[in-house]
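**Q** I'd like to go over a predicted model; first the sequence, then the structure.
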Amino acid sequence: MASATAQPRKINYRLRQTLAHTAIYLVLIIGAILVFIPFAWTVSTSLKTESQTLASPPEWIPNPVQWKNYPDALTARPFGRYYANTFIITILSVIGQVVSSALVAYGFARFRFPGRNLLFILVLSTLMIPFHMLIIPRFILFKYLGWLDTFLPLIVPNFFGGAFSIFLLRQYFQTVPLELDEAAKIDGASAFQRFWRIMMPLARPALGAVAVFEFMSTWQDFLGPLIYLSSDRNYTVSVGLAAFRNDYFTAWHLFMAASAVAMLVPLVVFFVAQKYFISGVALTGSGGGKG
Amino acid sequence: MQSDIGYKKPAFNPFKVSSWTSGQSEAVSGYLFILPWVIGFLIFVVGPMLGLVYLSFHRWDLIGDPRFVGWRNYERLFTDKLFRKSLEVTILYGLGRVPLGVIVALATAILLNQKIKFVGFWRVVYYMPVVLPPVAVSLVWAWIYNPRYGIINGFIQSVFGVQGPSWLNDPVLVLPSLMVMAVWVAAGRNMIIYLAGLQGISQDLYSAADIDGAGPWAKFWRITLPLLTPVIFFNVVTGMIDTFKLFTQAYVMTQGGPQNQSLFFTYYLWRTAFQDFRMGYASAMAMVVFVIIIALTLLVFRSSKAWVFYEAEVKGGD
């Protein structure tokens, strides 16, 4: 390579780099616009009058802006009650999932016992089980327990650990140095004390990831509450939203107002807790969710 | 030291059994810690599985006692056109949706991996749809696809001056329409997984390729893609299982129509069990699909030896 050609080559390379970068940003911006359009369309429709939703071609700017769609939509059915129900179910599910999965994960991460690897493979293999196939016998189980039309079928199973959460937490626990356990053991701390006082505080990032994934999957669940909850006062937001749609077939301005609110809660949680999401996904190579 | 780690030395520990060897007591502690999972597994997985097998040989509408019918439920499945249709629709959807999802998510991840500014911002933007409740998303997209007042046909009308198709009411277009929506929802999640995978690829490999004069295209096919195959593999397996879970879209947007072209399996299962109250027959359906999914998963795992590349294997061979 002659030194005379080196300079123009470098410039050429720089130019190509800049062009490539511009193209990449352009594609990313188009992608972001495509992500935003459905949100914008939701909010836009939610502020229109019913007659404006029936404009063809559709109009983007609500005129007049009809704020009362929101109170109208949220009182057309008892959505306040649905939100309270969903929060109760979600919060108890998160607590159950985090504590029980952490216990199990600690068992797998810190103790040697016969059959440990086999049992752990069994835990992982339940990730592959299509649980929707078990809705019928589970429904019958809860019917015999007298739990139908209560929140129990949606909450209690979370107190027995979830395969995905166990996997995520075990991965994390294994990165915590054993020396801390050993030191506590020498000082006479019991296994449970080592778990509760040493591991749990250290594992906050992973516990946070499990909590947000469980929050989302409970908040998103539809088939479960649809099957187990039958009376209106026990509905979750999702079931209420679907029922609302069946009440009024074409009130799209109200459907969009109710949907916008239903989407707001998980979005707020996501923005507040986004570092947990990203680290959780990266840690396990999965997006969480038990289905 | 003690206050550093934050626990108090116990005066008396009732759970400590001094006559056990440390190995035995360690094992006992281990079993106690995993006990919740074992109990849950027995009650919520093993029990229902046995229940499913039992019910599939019975006829039951939830009233009275289940009646034993032998293999009759299974025999009837062979002639059930809707059952076959639901499998066709589900598999067809999966065959389109899974590769489409891999391509979109991988392409986005590769773009974000190019020393781009504000990676955190783009990640958050693309991830947003992942967290939304499916019922709300389904309502929003039903409105987007509305043939007369939706934005897609509004766009088609204003650009091409023609009336667009009725997406969700068209037997040919309903599945592609739902696939596009699904990609909008899930691309962000898979993108983050790919991005993590890309960031795990050693820069040395690319530097070495540069020295050998490899272009960006060669680097993609020879380095990036092979090293990402484990992640793609994971994506294919979970995508396949997710396809069989599809329910909300069918319930909210299409009710399985038009002409049963979106009669996804789980939707048909739910209808048979909880609308028609044919618990036994629905259980037989679930049994058959259970076996199909396990077989498909094993098949994909088997095939993985041919196309999934694990770095560690090569390192060992060198």
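**A** Structure's in. What do you need?
**Q** for the residue in the stretch 101-250 of chain A that chain B sits nearest to, the count of nearby residues, please.
**A** The stretch 101-250 of chain A approaches chain B most closely through A:Phe160 (2.3 Å), counting by CB to the nearest CB. For glycine as for every other residue, the C-beta is placed from the backbone atoms N, C-alpha and C. The number of residues packed near A:Phe160 is 22, by other CB atoms under 10 Å in any protein chain shown.
**Q** quick one: the helices in the stretch 101-250 of chain B, in order.
**A** According to DSSP state H, counting those that start in this stretch, the stretch 101-250 of chain B carries its helices in the segments B:119-127, B:134-144, B:151-160, B:174-199, B:203-211, B:216-219, B:225-245, B:248-249.
**Q** format these as JSON lines; extra columns: mean pLDDT and mean neighbour count.
**A** Shown next, in JSON lines, are these (pLDDT from 0 to 100; neighbours: other CB atoms under 10 Å in any protein chain shown):
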{"stretch": "helix B:119-127", "mean pLDDT": "88", "mean neighbour count": "18"}
{"stretch": "helix B:134-144", "mean pLDDT": "96", "mean neighbour count": "24"}
{"stretch": "helix B:151-160", "mean pLDDT": "90", "mean neighbour count": "16"}
{"stretch": "helix B:174-199", "mean pLDDT": "90", "mean neighbour count": "22"}
{"stretch": "helix B:203-211", "mean pLDDT": "87", "mean neighbour count": "11"}
{"stretch": "helix B:216-219", "mean pLDDT": "86", "mean neighbour count": "12"}
{"stretch": "helix B:225-245", "mean pLDDT": "86", "mean neighbour count": "20"}
{"stretch": "helix B:248-249", "mean pLDDT": "94", "mean neighbour count": "24"}
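**Q** save the ones you listed as TSV, and put in distance to A:Lys185 too.
**A** Converted to TSV, the helices of the stretch 101-250 of chain B look like this (distance: least, CB to CB, whole Å):
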stretch	distance to A:Lys185
helix B:119-127	40
helix B:134-144	47
helix B:151-160	63
helix B:174-199	35
helix B:203-211	41
helix B:216-219	50
helix B:225-245	37
helix B:248-249	49
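**Q** let me see the contact set for the spatially closest residue to the residue of the stretch 101-250 of chain A closest to chain B that is not a sequence neighbour.
**A** Leaving aside its sequence neighbours, A:Phe160 sits nearest to B:Gly40 (CB to CB, 6 or more residues apart in numbering or on different chains; 2.3 Å). Counting by CB atoms under 8 Å, 6 or more residues apart in numbering or on different chains, B:Gly40 touches A:100, A:157, A:159-161.
**Q** now B:Leu178: how far from B:Trp60?
**A** 33 Å (CB to CB, to the nearest Å).
**Q** near chain B at all, the host helix or strand of A:Phe108?
**A** According to DSSP states H and E, A:Phe108 maps onto helix A:79-110. Yes. Figure legend: helix A:79-110 in contact with chain B (CB under 8 Å from any CB of the partner chain); contacting residues A:100, A:103-104, A:106-108, A:110.
**Q** in the helix or strand following that helix, what counts as buried?
**A** Going down the chain from helix A:79-110, the next helix or strand is helix A:116-125, by DSSP H and E. Using 16 or more other CB atoms under 10 Å in any protein chain shown as the test for burial, helix A:116-125 gives A:116, A:119-120, A:123.
**Q** ok, and of the residues you listed, which contact chain B?
**A** A:116, A:119, A:123.
**Q** could you dump the residues you listed into TSV with pLDDT added?
**A** Shown next, in TSV, are these (pLDDT from 0 to 100):
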residue	pLDDT
A:Arg116	92
A:Leu119	94
A:Val123	92
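**Q** which one of those residues is nearest to B:Thr224?
**A** Comparing these against B:Thr224 with CB to CB places A:Val123 closest, at 31.9 Å.
**Q** got the contact list for the nearest residue to that closest one once chain neighbours are set aside?
**A** Spatially, and ignoring its direct neighbours in sequence, A:Val123 is nearest to A:Ala163 (5.1 Å; CB to CB, 6+ apart). For A:Ala163, the contact set (CB under 8 Å, 6+ apart) comprises A:123-124, A:126-127, A:290.
**Q** if we can go back for a sec, surely the residue of the stretch 101-250 of chain A closest to chain B and A:Ser101 touch.
**A** No. With contact defined as CB atoms under 8 Å, A:Phe160 does not count as touching A:Ser101 (9.1 Å).
**Q** what's the domain layout of the chain?
**A** Picked chain A for this. Following automatic domain parsing, chain A resolves into domains at A:3-46, A:75-284.
**Q** wrong one, I was asking about chain B
**A** What automatic domain parsing lists as the domains of chain B is B:2-56, B:76-317.
**Q** mind giving me the PyMOL select for the residues of helix A:79-110 next to chain B, buried ones only?
**A** Under the burial definition 16+ other CB under 10 Å, those of those that qualify are selected in PyMOL by:
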select buried, chain A and resi 100+103+104+106+107+108+110
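**Q** which pair of the residues of helix A:79-110 next to chain B spans the longest distance?
**A** Top of the distance list for the residues of helix A:79-110 next to chain B (CB to CB): A:Ser100 and A:Arg110, 16.2 Å.
**Q** and the residue nearest to the spatial centre of chain A, what's its pLDDT?
**A** Residue closest to the mean C-alpha point of chain A, counted by CA atoms, centre = their mean, is A:Met216 at 2.4 Å. The predicted local confidence for A:Met216 comes out at a pLDDT of 92.
**Q** equivalent analysis for B:Thr297, please.
**A** 84.
**Q** and which of the residues of helix A:79-110 next to chain B is nearest to B:Ala273?
**A** A:Ser100 (28.9 Å).
**Q** so the closest one touches A:Phe159, yeah?
**A** Yes. In this structure, A:Ser100 is within contact of A:Phe159 by CB under 8 Å, at 5.2 Å.
**Q** common neighbours of the two, please.
**A** With CB under 8 Å, 6+ apart as the test, A:Ser100 and A:Phe159 both reach B:36, B:40.
**Q** how much space between B:Phe78 and A:Thr45?
**A** For B:Phe78 relative to A:Thr45 (CB to CB), the value is 46 Å.
**Q** same question for B:Ala187.
**A** In terms of CB to CB, B:Ala187 sits 24 Å off from A:Thr45.
**Q** residues in contact with the residue in the stretch 201-318 of chain B positioned nearest to chain A?
**A** Chain A sits closest to B:Ala286 of the stretch 201-318 of chain B, with a gap of 4.3 Å, by CB to the nearest CB. Shown in contact with B:Ala286 (CB under 8 Å, 6+ apart): A:133-136, B:52, B:56, B:269.
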